[in-house]
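**Student:** Just the structure for this:
(one chain, ligands or ions: 1)
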Amino acid sequence: MDRGAAGAALAGEQDARPVQVRITNLNKTFQRNKESVHVLHDISLEVEEGELLVLLGPSGCGKTTLLRCLVGLEKPGEGRIELGERTVVDAERRVFVQPNRRDVAMVFQNYALWPHMKVAANVAYPLKARRMKDEIKRGRVQEVLDVVQCGHLADRYPPELSGGQQQRISLARALAPRPALLLLDEPLSNLDALLRIDLRAQLRLLHREIGFTGVYVTHDQEEALALGTRVAVMKEGRFEQIGKPGEVYHRPATEYVADFLGARNRMALEVAADGTATINGVPVPGFVRPGFTGSYALRMRDGDLTVRPAGATTVDDRRHWVAGARLLEVLPAGDHAEHVVVMGDSTLFVDVPAALGELEPDQDVEIGLDPDHVLCYDVDGRLVDDWAAIR
Ligand SMILES: Nc1ncnc2c1ncn2[C@@H]1O[C@H](COP(=O)(O)OP(=O)(O)OP(=O)(O)O)[C@@H](O)[C@H]1O
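**Tutor:** Numbers count the residues shown, from 1 in each chain. You can find the predicted model right below:
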């Protein structure tokens, strides 16, 4: 594999080989006010060598706790963690390898740099424990600083740097000892939006070039889809779905994942035994295939819905139009306008290209649904295939 400039800079005799991570039946409970809070429920996961797995989920779902178990800052009550050939946690056999013996590095949201030490000393810090000649150490520090494009900042102190620069330095510090596993806990969330996108792209490039095994925590779906080789969506201490970004985005396995990944619009589909389909109580003939019956939830992203004035006709072969909606508000957003529509129990958000925006608030409207861009879930929240009428 051509490792590129960054990869070449980090390659060498003492390269820690990226390892495979295997987590088996991990359980973690905290004691809080004499109550026990079960935070990780029987988690099992394999992260392949050189993979960047993203843990995605809302606040409090256990992402950080899982990272802390991997690095050794938390002791799980049950389960096993193997890093390559090494078992670092085996609760049953009372195996617990201390953090400094795991060869795992972590990058935090708040950079966690020593303010009184120059950048070079910060980056050299994790190398201290290793008996390494000063000369080699200096060379390594300069290498990793160059990799994150901060070679010129070696003699500055962290408080003299911007947030983006500080985060690059903390990434360099984590990479300096060539860890077998790199953990990143919301590393970009303290940065402003543009810088976040810029650093995200650089991180992706760096991962491609160096090929480290990484676990990256975020609650930002865009970041997860952009960075992950796979994305693991978490809910209340369990995995809802683990898959490639495209899979998770286009085929969210559960309604929870669909909602979390932007399909926030929800409508109720009822299909009677005689095949009559209604959406939020409005009949929609020909929407479902013959023989498909029951109660379902439909999920759509904003850009997958359309809206037109009530009673209008559109030359459109794919869409089914559902009447009985009212336009509440139109929010211009540059190249498109967000239309807020109420239809029975649903509040819907519809993105319409600015060029088509001729609707006024308080107008009666109809919602257009293209079955190819509608996700259908059963009453247990599981994705349903093969429901649409063949057109
Ligand atoms: N030391 C602790 N003692 C008690 N409860 C804890 C402790 N650490 C975490 N928790 C609880 O465990 C749950 C999961 O926390 P965790 O920090 O892992 O979530 P998270 O998904 O990383 O959230 P966030 O995105 O907000 O960081 C939360 O309910 C939290 O309050």
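
**Student:** Need the distance between the two termini of stretch 126-143.
**Tutor:** 15 Å (CA to CA, to the nearest Å).

**Student:** How many neighbouring residues does D370 have?
**Tutor:** 16 (other CB atoms under 10 Å). Any C-beta I mention is one placed from the backbone N, CA and C, and that applies to glycine too.

**Student:** Which residues lie in contact with it in this structure?
**Tutor:** Going by CB atoms under 8 Å, 6 or more residues apart in numbering, D370 touches D304, T306, R318, R319.

**Student:** Among these, which one sits closest to the ligand?
**Tutor:** D304 (27.9 Å; CB to the nearest ligand atom).

**Student:** So that closest one sits against G368, correct?
**Tutor:** No. With contact defined as CB atoms under 8 Å, D304 does not count as touching G368 (9.6 Å).

**Student:** Quick one: name the residues of the stretch 151-300 of the chain near the ligand.
**Tutor:** Within the stretch 151-300 of the chain, the positions adjacent to the ligand are H219 by CB under 6 Å from any ligand atom.

**Student:** pLDDT score for the closest residue to the ligand within the stretch 151-300 of the chain?
**Tutor:** Residue nearest to the ligand within the stretch 151-300 of the chain (CB to the nearest ligand atom): H219, separated by 5.3 Å. On pLDDT, H219 comes in at 93.

**Student:** cool, and C61?
**Tutor:** For C61, the predicted pLDDT is 95.

**Student:** If you drop the residues flanking it in sequence, what lies closest to it?
**Tutor:** M234 (4.5 Å; CB to CB, 6 or more residues apart in numbering).

**Student:** My understanding was that that neighbour contacts T64; is that so?
**Tutor:** No. With contact defined as CB under 8 Å, M234 does not reach T64; the gap is 10.7 Å.

**Student:** If you count surrounding residues, which of the two has more?
**Tutor:** M234 (23 against 20).

**Student:** Quick check: that one is in a strand.
**Tutor:** Yes. Going by DSSP: H, G, I helix; E, B strand; the rest coil, the assignment for M234 places it inside a strand.

**Student:** tell me the contacts of it?
**Tutor:** So M234 contacts L55, L56, G57, C61, G62, K63, L66, E240 (CB under 8 Å, 6+ apart).

**Student:** Which members of the contacts of D370 define the maximum pairwise distance?
**Tutor:** Maximum pairwise distance in the contacts of D370, criterion CB to CB, is 11.5 Å, between D304 and R318.

**Student:** out of the two, which sits in the more crowded spot?
**Tutor:** Neighbour count, other CB under 10 Å: between D304 and R318, D304 has more, with 19 against 11.

**Student:** Return the distance of the more buried one relative to K137.
**Tutor:** 54 Å (CB to CB, to the nearest Å).

**Student:** and the stretch 1-150 of the chain, which residues reach the ligand?
**Tutor:** Near the ligand, when you scan the stretch 1-150 of the chain using CB under 6 Å from any ligand atom, you find F30, R32, V37, V39, G57, S59, G60, C61, G62, K63, T64, T65.

**Student:** now, which of those residues sits nearest Q363?
**Tutor:** S59 (37.6 Å).

**Student:** got the contact list for the residue nearest to that closest one when sequence neighbours are not counted?
**Tutor:** Once flanking residues are discounted, S59 sits nearest to H219: 6.3 Å by CB to CB, 6+ apart. Contacts for H219 were tallied using CB under 8 Å, 6+ apart; they are L56, G57, P58, S59, K63, E186.

**Student:** out of those, which are buried?
**Tutor:** In the contacts of H219, burial by neighbour count holds for L56, G57, K63, E186, counting by 16 or more other CB atoms under 10 Å.

**Student:** Can you tell me which of those has the lowest confidence score?
**Tutor:** For the buried ones among the contacts of H219, the pLDDT minimum is E186, 92.

**Student:** Can you pull the poorly scored residue ranges out of the chain?
**Tutor:** 1-16, 129, 316-317, 355-357, 391 (pLDDT under 70).

**Student:** one more time with 50, if that's ok
**Tutor:** 1-13 (pLDDT under 50).

**Student:** Nothing else from me, thank you.
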